[in-house]
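[1] need coordinates for the below:
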Amino acid sequence: MSGIKCRLCQCLVDKQTGFSCSLNDDGFRSMIKTVFPFPISPVHTIASKTYNMPVLVCFQCSTAIRNFYNFSKQVEVIQAKLKRQCLGKDSSMTIDQLVQYIKAEPGLQEELRDVNVNTNESLMMSVDIEATDCESAETSSPMNANEEENDGDQLHFLNRPIAQDYKWISEPWYEPIRCVDKFEVVNNIVDVERRVNLVATKLEELLQNSTNSRQQIPPRRGSQFASDVPEQTASKSETVQFERISTVEMLEAFNQRLSDEQYFDKFTSWLASNVSYGEMRPEHRMQEAFYVLLDPRFVTQCTWSGYTAKGVKGQKVAFCCYQNIRAVLRKVSGETTTEAEVKAFLLKKLRNAKGHLERCKHIITSSCKKKYSRGNKS
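    Now for the predicted structure:
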């Protein structure tokens, strides 16, 4: 039986000590039918085809099934004895009297404590039942009607499921049914209407404030510099004489002039007045300021490190050396812009400077720089 699994728990049967059982055993199959409410058979039929299913049950599962089966049979015996004793004494006992009789009868308590099965494990189950007050058998009309119709069947009441007629107060889901007060319903409706009106009033106030002053709307990320715009745009009357940089000499002179803090603040304020603010992203403001400062034709002569695409040094302008110009771009873009973001922006613009210049001239190259034939692609 190496590698054979249990039908119920899917464990290896040969890994457990003790003897396993088979579904083909008639006695064990009858126990399974009593324990499980659904069928467990050795075969399974689907679409007119029959498939063999595992039939072995391990020692642990078979022991649990036998324990449950023996316990249920013992309970049936005790229940039958209890019915004979109760009905032989008084067939009109109420539920409260019946419960008290069960608790006070010493013989039944001993039999319940002595329930044991023929296995190494003993099953212990305790039930704590609290019954609600109910009408007696003499005043209960359903009970009297059942006794008149079934005079010979005195076990009719005890055989009925208790949960169909009574609700145990120990169950947490049970709540007593109460009448709904119409005044309470009206008060709830009035309270809901009052809260809805309050929310509508607050929304109307917010809408009115937003239309009167757009400054109350919080700016997006990167637009914190817009709070400085009134101070900078207030000096729009101060004009700065500036010519767009188109040579290396102009770039070096302008970078040197920005070392003066007063001129740096004055030029930054002037440049800010010529750049759109509001909800623009920082890189958009940086791009607009970049092309206000530099001529697109001159940008094609610049790289970040000064090396050409072929690795030749000295033929290009090294833009990394002009720290003051990068500080101007960072100041105009916004307070949240970092030095790394400015560097990434300049690397992208310097790398695509030639393409930008061609787009400014409305020149579109329609052919490749090198043509290839179908026969020779080398």
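[2] so what secondary structure elements neighbour the helix or strand harbouring V75?
    Using DSSP states H and E, V75 maps to helix 59-89. In terms of contacts (3 or more Cβ pairs under 8 Å, 6 or more residues apart in numbering; DSSP states H and E), helix 59-89 is packed against helix 26-35, helix 95-104, helix 106-113. C-beta here means a position set from N, CA and C on the backbone, and glycine is covered the same way.
[3] go through stretch 13-33 and flag the buried ones.
    V13, S20, C21, L23, F28, R29, M31, I32 (16 or more other Cβ atoms under 10 Å).
[4] identify the residues contacting that stretch?
    For stretch 13-33, the external contacting residues (Cβ atoms under 8 Å, 6 or more residues apart in numbering) are 1-7, 39-42, 55-60, 62-63, 65-66, 69.
[5] out of these, which are buried?
    5-7, 55-58, 60, 62-63, 65-66, 69.
[6] now do the nearest residue to L258 once chain neighbours are set aside: how many residues are near it, please.
    Nearest residue to L258 in three dimensions, chain neighbours excluded: N324, at 3.7 Å (Cβ to Cβ, 6 or more residues apart in numbering). Each residue near N324 was counted by other Cβ atoms under 10 Å, and the total is 14.
[7] repeat for C320
    With other Cβ under 10 Å as criterion, C320 counts 15.
[8] repeat for the one 10 residues further on
    Look at R330: counted by other Cβ under 10 Å, it has 20 neighbours.
[9] what helix or strand is it on?
    helix 323-333.
[10] elements contacting the helix or strand just after that helix?
    Going down the chain from helix 323-333, the next helix or strand is helix 339-351, by DSSP H and E. Packed against helix 339-351 by the contact rule (3+ Cβ pairs under 8 Å, 6+ apart) you find helix 282-293, helix 323-333.
[11] mind listing residues that contact the last one?
    In this case it means helix 323-333. Under Cβ under 8 Å, 6+ apart, the answer for helix 323-333 is 222, 225, 251, 254-256, 258-259, 264, 267-268, 271-272, 275, 282-283, 285-286, 289-290, 293, 319, 337-339, 341-343, 345-346.
[12] and that helix, average pLDDT?
    For helix 323-333, mean pLDDT rounds to 89.
[13] what angle sits between it and helix 282-293?
    130 degrees (axes from the mean of the first three to the mean of the last three Cα atoms, to 10 degrees).
[14] Q60 reaches C9, doesn't it?
    Yes - judged on Cβ atoms under 8 Å, Q60 makes contact with C9 at a distance of 7.4 Å.
[15] now T300. Nearest residue, chain neighbours left out?
    A353 (4.5 Å).
[16] go on, S259?
    N324 (6.3 Å).
[17] now D14: how far from V192?
    68 Å (Cβ to Cβ, to the nearest Å).
[18] and for T337?
    Taking Cβ to Cβ, one finds T337 at 49 Å from V192.
[19] quick revisit: wait, isn't the residue nearest to T300 in contact with F298?
    No - A353 lies out of contact with F298 (Cβ under 8 Å); the separation is 9.0 Å.
[20] tell me what the closest residue to V43 other than its chain neighbours is bridged to.
    Excluding the flanking residues, the one nearest V43 by Cβ to Cβ, 6+ apart is T50, at 5.3 Å. With DSSP bridges as the criterion, T50 is bridged to T45.
[21] surely T50 is in contact with H44?
    Yes - applying Cβ under 8 Å, one finds T50 in contact with H44, separated by 7.3 Å.
[22] shared neighbours, these two?
    Counting by Cβ under 8 Å, 6+ apart, nothing touches both T50 and H44.
[23] quick one: low-confidence ranges for the stretch 51-200 of the chain?
    87-180 (pLDDT under 70).
[24] swap that for the stretch 201-350 of the chain, please
    In the stretch 201-350 of the chain (pLDDT under 70), the answer is 212-238, 276-280.
[25] please enumerate the strands of it.
    302-303, 317-318 (DSSP state E, counting those that start in this stretch).
[26] tell me the most buried of the ones you listed?
    strand 302-303 (a mean of 21; mean count of other Cβ atoms under 10 Å).
[27] residue contacts, the closest residue to C58 other than its chain neighbours?
    Once flanking residues are discounted, C58 sits nearest to C6: 4.0 Å by Cβ to Cβ, 6+ apart. Contacts of C6 were listed using Cβ under 8 Å, 6+ apart, and they are L12, V13, S20, P54, L56, V57, C58, C61.
[28] switch to 7 Å and redo it
    V13, L56, V57, C58, C61 (Cβ atoms under 7 Å, 6 or more residues apart in numbering).
[29] in which helix or strand would I find F19?
    Going by DSSP H and E, F19 is not in any helix or strand.
[30] mind checking how far it is from F254?
    In terms of Cβ to Cβ, F19 sits 98 Å off from F254.
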